[in-house]
Structures are given as structure tokens and as C-alpha cells.
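1. coords please:
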Amino acid sequence: MVLLHIICNDRQQADEIADLLVSENLVLSTVTFNPISVVQKERSGRIGRTEQTMLMGRTRSVLFNTVEARLQEAYGLNMPVIYSVPIVNMNWQDANILPEPSVITES
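-> Residues are numbered from 1 along each chain as shown. Purely as a prediction, here's the structure:
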């Protein structure tokens, strides 16, 4: 199991993604943090700060590529940042809600 971190441009995009992932049974549930402060170096070399929205959701690690493909399909050039963090401990019975790896098909 992994915890998806999806950094969205705004709350609307985060809400759309949450609905998509939950309705397609790609995550157990989602949690949204709004706003978050993102600090990064800009191309000019200056330090830039933006407010964005973070969406988190628990899923099977084998579903990561499916989630990424669905987001790429839906958002293209407006693709949010997505990465996963391994989950070491949790209530493992929750994992049974998600599809087994043998029934997963790539989009």
C-alpha cells in the first residue's frame, strides 16, 4: 500500500480528482489540504512561493501507474504533481476494498 500525494493547481482540480479516484475505486478515500504553500526555485533563479492544494489517498502500489495514466488522460498539460509514499503500518483489512492486482487493467 502507498499514500498518493497529488499536488493540484487549485481546489476545483483536487475535488475533481478525488471524485474520479473514489468513483473508479482507485483509492480507499481521499483527504484534501487547502491551501498548502509550495516553495521552489523558478527558472530565473529566484525563490517562488505559490498556494496549491494537496490531495492524499491510500491505494495499492500496483494502481499507481493506472492513477497516473487516468490523470494524464484527464489533465494533459495541466497535469498535477503525483508521487507515492510507502505505508508501513495501517488497518490492512481496508486494503480488501480495492481491486486485486489480477483484475487491474491499464487504461
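2. For this structure, which residues score under the pLDDT cut-off?
-> Within the chain, the stretches falling below the threshold (pLDDT under 70) are 101-107.
3. just the helices in it please.
-> Defined through DSSP state H, the helices belonging to the chain, from first to last, are 11-23, 64-75.
4. Show me what counts as buried in the longest one.
-> I take that to be helix 11-23. The neighbour-count check on helix 11-23 (16 or more other C-beta atoms under 10 Å) flags 13-15, 17-18, 21 as buried. Placement of C-beta: from N, CA and C, glycine included.
5. could these be laid out in CSV, adding distance to residue 69?
-> Below are the buried residues of helix 11-23 laid out as CSV (distance: C-beta to C-beta, whole Å):
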residue, distance to residue 69
13, 17
14, 19
15, 20
17, 13
18, 17
21, 12
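6. Out of the residues you listed, which comes closest to residue 71?
-> Proximity of those to residue 71, judged by C-beta to C-beta, is greatest for residue 17, which lies at 6.7 Å.
7. that older thread, ok, which of the helices of the chain comes nearest residue 100?
-> helix 64-75 (13.3 Å).
8. quick revisit: in CSV: the helices of the chain, plus distance to residue 88.
-> As requested, the helices of the chain are exported to CSV (distance: least, C-beta to C-beta, whole Å):
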stretch, distance to residue 88
helix 11-23, 22
helix 64-75, 17
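9. right, and those helices - which one's nearest residue 51?
-> helix 11-23 (10.1 Å).
10. which outside residues touch the closest one?
-> Residues external to helix 11-23 that are found in contact with it (C-beta atoms under 8 Å, 6 or more residues apart in numbering): 6, 8, 26-27, 29-30, 32, 34, 53-55, 57, 59, 67, 70-71, 74-75, 78, 80.
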